[in-house]
Each structure stands twice: as C-alpha cells, then as structure tokens.
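Visitor: okay, predicted coordinates and the sequence, questions at the end:
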Amino acid sequence: MEYFSLTVQQALRMLEAGEVSSVALTESVLARIEAVEPTVQAYLALDREGALRQAEQADIARKNGQAGPLCGIPVAIKDVLCTTTMPTTCGSRMLEHFVAPYDATVVTRLARAGSVLLGKLAMDEFAMGSTSENCAFKVPHNPWKPGYVAGGSSGGSAAAVAADQCFASLGSDTGGSIRQPASLCGTVGMKPTYGRVSRYGLVAFASSLDQVGPLTKDVRDCALMMNAICGHDPLDSTSIDQPVPDYCHALQDGLKGITIGIPREYFGQGLDPEVEQAVRRGIAMLEEAGAHLVEVTLPHTDYCVAVYYLIAPAEASSNLARFDGVRYGFRDRSADSLIEMYNKTRSHGFGDEVKRRILIGTYALSSGYYDAFYKKASQVRSLIKEDFAKAFAACDLMVSPVTPTPAWKIGDKADDPLALYLSDILTLSANLAGIPGMSVPCGFSRDGLPIGMQLQAAHFNEAVLLRAAHNLEQRAGVVGKKPALA
Ligand code: GLN
C-alpha cells in the first residue's frame, strides 16, 4: 500500500487501529519525495533523520496513550515560518543560511499536536509573487503539468500536497498566497481570519495583511489542521482571544438555511470561460445541497489591486529594513564603508521583485506623497471593508473564482509584474478586509489543470466555509484525483 497517498484523516484512522506506524508513513512519504522531487522541486530543506526520529517518538507516544490529534502525521511548512531545526530562508539569498533562534508558534502547535515535520517548502522571495518564480533557490512545478507554475507565493506548499510529498502543509497568505496556489494545484487552502492564527515566527511581509493557514488534500484535513493551529497567542499582539470551535463539527451539515452570495464584480472581464464554467457548475452543486443563492455587490472591487499594491509594499519596505547585513543573514563583505556595506548587501541579497516592492513602498510612504498614496489607500481599504460588511448582511458566505485563469507555463508572465498583480484581483480583498477565505477544487480545464472555487465569509466564520466546501467536495467528484507523476 502506498501510504503517502492517504489523507490525514485516513492515516490517523490507520494509526489508531494499529494498522500502520508513523515510521512507516514517514518512510513512505520520504520515498515519495525522493521519487518525484526532481520533477516537482517543492522542498528547500528536508530533515530525513529528524522526521524519522519524531515519527519514532510519535509511535511511542501513541503506545503510551499520549497521542495528540495529529500524532504521527508527516507535514511540511512554507520556508517563511521560523524553525530552530532547519534554516528559514524565505526563498531569499538574504537569509540563505539563517537558522532562527526560536520556533514559530504554529510550528510549536503542530509539534504539540504530534505531527512530524519533514521540511521547508519553496516560495516566492519573502512571499512576494504569484508563481514562486521569485524563489532564489528553486521554482516548484505544478504536479498536474510539470513546466507550469504551481502558483505563489506558497507554491511549494501547494505542489508538495498535490504531489503527495507530505500529508498537509502550511502556507502564508498576504494577498492570496494560500488560496491561489491551492487553486492552481487542486488542493484545499484556507486563509483564516486576520488574528485567528498566530503570526509569531512568521517572517513579516505586510503585517496588517499576513496570515498563516493550511493547504490540504481535502476539506476534512483542512479542519483538522485548523484545529491544531488556531487560537490566541500572547506572543502576537494582533492575535485575537476568541474560543476556537472544533472545525470538524462544521462538516456534518448540509446547506439548508444557508444563503450564498455571488458577487457580481467577480465574474467580470478577463475571466477565463473554463474557469467561469467550472465555478458556475460548483455553484449549482451548492444550490442542490440546499443553499439559497443571491446576487451581491462589492462596488469597490476595482480598487483592490491599487490599494493592495500600495499598502503591501509600504509595510514591506518597513519590515524589510531589518535586513541590513548587520542583524541577519547575508552581508556583502567587499564594502569599504558602512553605507557601502548596506548598499551592496541589499543590492545583492534581494531579488528584483523584492527591490521593486521596497522602492514602491518607500516612495508611497515618503513625506509629500504619504497623503496621496498610503493614506488614500488606507481610506479606500475602509470602503472595501464596508462593502464586505454590507454583503454579509445579505448572505452567510460568498463564492467566486480564485484566479481568473488556470496555471500557465513557467516563464510566461515572469517579465510582466503588472499582469501578475492584476491576476491577484479576486484574492486581495479578503486580506484587506481581514476576512477568512478558502479555495476548494471544483473542476479541471480541458488541459487537465485544476480549477478552484473561492469561498469567503465574515470574520471568524471559518466554520461556514468548511461546511460549504465539504458539501461541494462531495458533489464535485474532484477529491481523490491525483496527478500522473512518476
Ligand atoms: N501575489 C501577491 C503578492 O505578490 C500576494 C502574495 C502573498 O499573499 N504573500 O503580493
């Protein structure tokens, strides 16, 4: 039996029944990584020995009746989350050999739940991008069609799950970086409400937008991962102290009594007809499951790209000031003076996209321009938030596409940052508003590329997303389909 292809829940059942050990699961997934990693290119660091050691401990814990909820399950995480056992590079030369002095809270929580940490996954440098092509070390491929992008910035997290190179993973989402790669690789991906999951030990990109969340093979696994990582953390001042429901409970119900909004603006120009068709088919399935459909409107949608691409770079320019050659990671040693050392370190340590964001952000925050750019963007952000509040007065959740198109060839848009920024139009607003959003597979293009449906709900209403996603998943006939990798 090929254990690596199991879902988290299936693996847990077998562990509980004594039909498999965590060591056997871990060996199976390590063998899978060896077989397909040359094609998929998802892992920046792999900790074989550490993983096997943790698996042995998990097996002992289970024997002793001390199994946590994810005891013995091999997982992997985006390389933006701090770990003491492996480097945390953020896909950047700047942090190439950096080992963090502490673990991110989500890493600690996954460990406490008993999971086995396999390694760190490829990503766009400092999470800036939509294809993972901005990674300084390797570019993950879409397991459904090698040579095509896995999406970004959590491209490695999506590719590794889709290719069965881990049972589940974590990503981070500042403007779509969990939902978009999940959609392009045919996995489930959840960006929780801002404040739901601790950001302690998540290397900051844009602090008012960043959020950690799971990428999984199905919706139940997403609920299991959410149970493990959500909850208040005194180490993150934006983390919110609200009780965490058992997200698995949300999966029991149908959709009777649920009203689903269809935002008019999300089905506009530039939407690939195949994507539209798959999403509309998905919407019909939700209606069959008992949901009531209404049209809603988010009138400020047109401004999302402009607002996000001012606020995110502004915050990034401030967050990335710490990478100066003195405090962390890379230092250019050829310089003769302090200023020259800063200059050379930042010129050589950062890639083009990161530099572009720092320039845009610094400009937008500079005196004389602040009011026209950053302040204005913050004001429009409030209007976008209000759009959602009004829409959620009329519905329990909203459904839409995640991305305007399925995955494209690696290299096709690499020289066109504006085209990539525009392709984020459907995911950015959830971060601007702070609401939870999710991608769940709903179909395939004619070329065999996955298409995801986006679900969005009001703050802290992740449960209704999981409930709707689970209903869709049971009807869409997509779950369990696997890419034909070696
Ligand atoms: N694609 C968006 C960007 O490039 C979102 C990235 C993210 O969510 N980390 O900024």
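Guide: That came in fine, so what should we check first? Numbers count the residues shown, from 1 in each chain.
Visitor: where in this structure is the helix or strand with the lowest mean pLDDT?
Guide: Sorted by mean pLDDT, DSSP states H and E, the helices and strands of the chain end with helix 417-422, the least confident at a mean of 92.
Visitor: for the very next helix or strand once past that one, buried residues please.
Guide: Moving toward the C-terminus from helix 417-422, the next helix or strand (DSSP states H and E) is helix 428-433. Across helix 428-433, burial judged by 16 or more other Cβ atoms under 10 Å covers 428-433. For every residue, glycine as well, the C-beta is placed using N, CA and C.
Visitor: need the max-distance pair from those.
Guide: Greatest spatial distance among the buried residues of helix 428-433 (Cβ to Cβ): 428 and 433, at 9.7 Å.
Visitor: just to revisit the earlier point, and the least confident helix or strand of the chain, is it in reach of the ligand?
Guide: No - Helix 417-422 lies apart from the ligand when judged by Cβ under 6 Å from any ligand atom; the minimum separation is 6.8 Å.
Visitor: from here on, call the first residue 7.
Guide: From this message on, residue numbering opens at 7, which makes the last subject helix 423-428.
Visitor: how much space separates residue 348 from the ligand?
Guide: Using Cβ to the nearest ligand atom, to the nearest Å, residue 348 is found at 25 Å from the ligand.
Visitor: list the residues that contact that residue.
Guide: 330-331 (Cβ atoms under 8 Å, 6 or more residues apart in numbering).
Visitor: let me see the confidence value for it.
Guide: pLDDT, residue 348: 96.
Visitor: element containing it, please.
Guide: Per DSSP H and E, residue 348 falls inside helix 344-355.
Visitor: picking up where we left off before, which helices and strands does the least confident helix or strand of the chain pack with?
Guide: Here helix 423-428 touches helix 310-325, going by 3 or more Cβ pairs under 8 Å, 6 or more residues apart in numbering; DSSP states H and E.
Visitor: from the chain's centre, how far out does the helix it packs on sit?
Guide: In terms of Cα atoms, centre = their mean, to the nearest Å, the centre of helix 310-325 is set 18 Å apart from its chain centre.
Visitor: ok, stretch 413-426 next?
Guide: Centre to centre, stretch against its chain (Cα atoms, centre = their mean), the figure for stretch 413-426 is 19 Å.
Visitor: okay, strands next: where are they in this structure?
Guide: Using DSSP state E, the strands of the chain run over 49-52, 80-84, 122-127, 174-179, 194-197, 217-222, 265-269, 298-302, 403-407, 443-450, 456-463.
Visitor: up against the ligand, what does the stretch 107-256 of the chain have?
Guide: 133-136, 159, 179-183, 211.
Visitor: number of residues surrounding residue 375?
Guide: A count of nearby residues for residue 375, using other Cβ atoms under 10 Å, gives 13.
Visitor: let me redo that: residue 332
Guide: Neighbours around residue 332, by other Cβ under 10 Å: 11.
Visitor: now residue 237
Guide: 18.
Visitor: just the buried residues of helix 434-439 now: which is nearest residue 326?
Guide: Closest to residue 326, out of all of the buried residues of helix 434-439 and judged by Cβ to Cβ, is residue 437, at 18.2 Å.
Visitor: how far away is the closest one from the ligand?
Guide: To the ligand, residue 437 is 7 Å away according to Cβ to the nearest ligand atom.
Visitor: do the same with residue 229
Guide: Distance of residue 229 to the ligand, given as Cβ to the nearest ligand atom: 22 Å.
Visitor: got it, and residue 250?
Guide: From residue 250 to the ligand the distance is 23 Å (Cβ to the nearest ligand atom).
Visitor: state the pLDDT value of that residue.
Guide: Residue 250 carries a pLDDT score of 96 in this model.
Visitor: pretty sure it contacts residue 239?
Guide: No - contact between residue 250 and residue 239 fails when scored by Cβ atoms under 8 Å: they sit 11.6 Å apart.
Visitor: residues of the stretch 257-406 of the chain that sit close to the ligand?
Guide: Within the stretch 257-406 of the chain, the positions adjacent to the ligand are residue 318 by Cβ under 6 Å from any ligand atom.
Visitor: give me the residue from the stretch 257-406 of the chain nearest the ligand.
Guide: Going by Cβ to the nearest ligand atom, the ligand is nearest to residue 318 of the stretch 257-406 of the chain, at 5.4 Å.
Visitor: phi, psi for the closest residue to that residue other than its chain neighbours please.
Guide: Leaving aside its sequence neighbours, residue 318 sits nearest to residue 212 (Cβ to Cβ, 6 or more residues apart in numbering; 4.2 Å). Backbone geometry at residue 212, expressed as degrees, to the nearest 10, gives phi -130, psi 100.
Visitor: hmm, back to that, which positions in the helix holding residue 348 come out as buried?
Guide: Buried-residue list, helix 344-355, by 16+ other Cβ under 10 Å: 347-348, 350-352, 355.
Visitor: rebuild these as TSV, extending it with distance to residue 326.
Guide: Shown next, in TSV, are these (distance: Cβ to Cβ, whole Å):
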residue	distance to residue 326
347	17
348	13
350	16
351	12
352	9
355	10
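Visitor: returning to what we had before: the more surrounded of residue 250 and residue 239?
Guide: Set residue 250 next to residue 239 and count neighbours by other Cβ under 10 Å: residue 239 wins out with 22 against 16.
Visitor: and the residue lying closest to that one once chain neighbours are set aside, how far from residue 193?
Guide: Leaving out its chain neighbours, the residue that sits closest to residue 239 by Cβ to Cβ, 6+ apart is residue 204, at 3.5 Å. Look at residue 204 and residue 193: by Cβ to Cβ, to the nearest Å, they are 23 Å apart.
Visitor: looking at those two, which is more packed in?
Guide: Legend: neighbour count by other Cβ under 10 Å for residue 204 and residue 193, higher for residue 193 (32 against 24).
Visitor: mind listing what the residue nearest to that one when sequence neighbours are not counted touches?
Guide: With sequence-adjacent residues excluded and distances taken as Cβ to Cβ, 6+ apart, residue 193 is closest to residue 167, at 4.6 Å. Applying Cβ under 8 Å, 6+ apart to residue 167 gives the contacts 173-175, 191, 193, 221-223.
Visitor: I figured residue 173 hits residue 116, correct?
Guide: No - at 11.5 Å, residue 173 and residue 116 do not qualify as touching, with contact defined as Cβ under 8 Å.
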